[in-house]
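have a look at this prediction, sequence included:
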Amino acid sequence: MKQDLGRYLGRPGRSLTRRLIWLASAWILAALLVTGVVLTSQFQESGLRRLGGVLNNTIDQLVRATSVQGGRVVVPQLNNQQTLDLLSGNYWAVAERDADGRLIVVARSTSLWDSEMPIPASLAERVATAAGATISYNAVGPNNEEPLRVAASQKQLPGRAEPVVFIAAINRSNIDADTRQFATFTWIALALLGAGLVGAVFLQVRVGLRPLYELGQEIGDVRKGRATRISQDYPEEIAPLAEQLNKLLDHNQEVVERQRTHVGNLAHALKTPLSVMLAETEGQPGDLPAIVRRQSEIMRGQVDHHLRRARAAARAQGSGERTAVAEVLDEMAVMLERVFQSRGVVIDWRAPDELLFRGERQDLQEMVGNLLENACIWCERRVKVSAGATGLGRLLLVIEDDGPGLPEDRRDEVMKRGARLDEDVPGTGLGLSIVDELTKAYEGRLTLGDSDMGGLKAMLELPAAES
């Protein structure tokens, strides 16, 4: 699960799964962030509104208790123990404007003691603009230690032309603490909810797209030769795709079979006239029969060459065949040891039982047989064969002998059709060229090198099928 999570929550890139998970996660994150901010803000506003009610009540008490005597504002101490206790956190003040328009405190609560009520420079203008409504703001209390919520309102008193500003303040530490606690619990809850939602989205996407993964695996099985058709029952959204893929596979198989048939027909149509021509020239004197025989042999060789490549290409396109390499090596080794028994040739081969060639058995027999025969012809006594998977759907066959070897400057030459190193050695000179043609038809590679045994080393790279 951790590997899947790391894989599918990487950068979005071109993955449909990652795109869906990233889009859903981004939306969930944005929604939870907005929700957390709104909930915390509303909780704090609710607490401040409660404090505002207390402050408005204090201002109303001040307005009712305040009087004008001889043009002066007279404010008695309120019958409120909290405003009487020193630095209790509940404060009030009454202010008027001076000649410069600044607010000057003319009365204040005992709780302020020798401290000043926090009055910003812009308050006079704000309360004047509010036209009797209450203005609220945050400030710092006496000794710059406690946070305050302050409310101010400008009122007109009977017997006085100039308005009076009433200010009340209260400690808001409890509201701030409650807000922090609420925010902590809210963000923890939202984080857990977000993690749960992202996990649910991941599972939903994985489960929802599972048929696509299964379809991809089936296509891979078909490509690797483990299956010939898409066989599972898929949801209605994917079923048409699976059906079209099966039709495409059927069409490709029909093309391959038709190609095989055409190749066989062409081989029969061409080889028969050539055989007749060669038979008619046998025993005939003169230059013309010799020329006809020579050209007919060339034509037959070319026909064999191109037909062999066409058949191999058709089989390689089908890619449904799988051949056990160990079985072919065992069969070829037993046969060739009997053929070269008089020379005491020993073929030592090693190959895993699960190693499979992605192609037809006949083609692997022809490639391995020609390479082994060539090694047996030129070896002293020993031929060594090793086979194994190289990864990425490839296998490597290495055939070595203890013979005289082959100079590097002649290795390209022996790959040509009919090329022979020694005319006294039996053979047609077609072995390596046939191997090279079949290997290329399977998109493989044949390489010649020096063996540690002293002779030639042939390395044959071919497509592998999964076991």
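The structure has been received and is ready for your questions.

can you pull the pLDDT of the residue sitting furthest away from the middle of the chain?
Residue farthest from the centre of the chain, counting by C-alpha atoms, centre = their mean, is residue 70 at 85.5 Å. Residue 70 carries a pLDDT value of 76.

likewise for residue 315?
Reported pLDDT for residue 315: 56.

isn't residue 73 up against residue 160?
Yes: assessed by C-beta atoms under 8 Å, residue 73 is found in contact with residue 160 at 7.2 Å. For the C-beta atoms, the positions are set from N, CA and C on the backbone; glycine is no exception.

now the strands for the stretch 101-250 of the chain?
Remark: strands of the stretch 101-250 of the chain, listed N- to C-terminal, are 103-108, 135-140, 147-155, 164-171; assignment by DSSP state E, counting those that start in this stretch.

coming back round to it: can you tell me how far the residue farthest from the centre of the chain sits from residue 160?
11 Å (C-beta to C-beta, to the nearest Å).

for residue 372, same thing?
Using C-beta to C-beta, one obtains 123 Å as the distance from residue 372 to residue 160.

out of these two, which sits in the busier spot?
Per other C-beta atoms under 10 Å, whichever of residue 372 and residue 160 has more neighbours is residue 372, with 25 against 15.

break this structure into its domains for me.
2-43+178-214, 66-171, 246-317, 321-465 (automatic domain parsing).

now the first one: mean pLDDT?
Right, the one you point to is domain 2-43+178-214. For domain 2-43+178-214, the per-residue pLDDT averages 84.

so, low pLDDT: which residues of the stretch 201-350 of the chain?
Within the stretch 201-350 of the chain, the stretches with pLDDT under 70 are 224-225, 256, 260, 263-264, 267-268, 271, 283, 301-320.

show me where it has helices.
For the stretch 201-350 of the chain, applying DSSP state H, counting those that start in this stretch gives helices covering 239-281, 287-318, 325-339.

which strands and helices sit next to the shortest one?
I take that to be helix 325-339. strand 346-350, strand 356-357, helix 361-378, strand 382-391 (3 or more C-beta pairs under 8 Å, 6 or more residues apart in numbering; DSSP states H and E).

mind doing that once more with 6 Å?
When contacts are defined as 3 or more C-beta pairs under 6 Å, 6 or more residues apart in numbering; DSSP states H and E, helix 325-339 packs onto strand 346-350, helix 361-378.

any idea which of the ones you listed scores lowest on pLDDT?
Among the helices and strands packed on helix 325-339, helix 361-378 scores lowest, with a mean of 89.

can I get it as CSV, trimmed to CA atoms?
Extracted C-alpha coordinates of helix 361-378, given in CSV (Å, rounded to 0.1, in the frame of the first residue of the first chain):
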residue,chain,number,x,y,z
ARG,A,361,10.2,-23.9,-32.1
GLN,A,362,11.2,-24.5,-35.7
ASP,A,363,12.9,-21.1,-36.0
LEU,A,364,14.8,-21.6,-32.7
GLN,A,365,15.9,-25.0,-33.8
GLU,A,366,17.2,-23.6,-37.1
MET,A,367,19.1,-20.8,-35.4
VAL,A,368,20.6,-22.9,-32.6
GLY,A,369,21.2,-25.9,-34.9
ASN,A,370,23.2,-23.9,-37.4
LEU,A,371,25.3,-22.2,-34.7
LEU,A,372,25.9,-25.5,-32.9
GLU,A,373,26.8,-27.3,-36.1
ASN,A,374,29.2,-24.6,-37.1
ALA,A,375,30.9,-24.8,-33.6
CYS,A,376,31.1,-28.6,-33.8
ILE,A,377,32.7,-28.4,-37.3
TRP,A,378,35.5,-26.1,-36.2
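
begin at 20, not 1, for the rest of this chat.
Will do, 20 is the new start, and the previous item becomes helix 380-397.

could you give the angle of it to helix 344-358?
For helix 380-397 against helix 344-358, the angle by axes from the mean of the first three to the mean of the last three C-alpha atoms, to 10 degrees is 40 degrees.

would you mark the buried spots in helix 380-397?
382-397 (16 or more other C-beta atoms under 10 Å).

what do you get for stretch 352-363?
In terms of neighbour count (16+ other C-beta under 10 Å), stretch 352-363 has its buried residues at 352, 355, 356, 359.

contacting residues around the last one?
Think residue 359. residue 395 (C-beta atoms under 6 Å, 6 or more residues apart in numbering).

please redo it, this time with the cut-off set to 10 Å
Residue 359 makes contact with 365, 366, 392, 395, 396, 398, 400, 402 under the criterion C-beta atoms under 10 Å, 6 or more residues apart in numbering.

switch those over to CSV; also include distance to residue 296.
Shown next, in CSV, are those (distance: C-beta to C-beta, whole Å):
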residue, distance to residue 296
365, 44
366, 40
392, 30
395, 35
396, 32
398, 39
400, 44
402, 40
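
and those, which is closest to residue 319?
residue 392 (21.3 Å; C-beta to C-beta).

residue 122 and residue 274, how far apart?
97 Å.

with neighbour numbers in mind, choose between those two.
Ranked by neighbour count (other C-beta under 10 Å), residue 122 and residue 274 place residue 122 first, with 22 against 13.

residue 118 - that's part of a helix, no?
No: counting by DSSP: H, G, I helix; E, B strand; the rest coil, one finds residue 118 to be coil, located in no helix.

relative to residue 409, how far out is it?
For residue 118, the distance to residue 409 equals 98 Å [C-beta to C-beta].

these two: who's more crowded?
Set residue 118 next to residue 409 and count neighbours by other C-beta under 10 Å: residue 409 wins out with 10 against 6.

that one against residue 480, yeah?
Yes: if you go by C-beta atoms under 10 Å, residue 409 and residue 480 touch, sitting 7.3 Å apart.

which neighbours do these two have in common?
residue 415.
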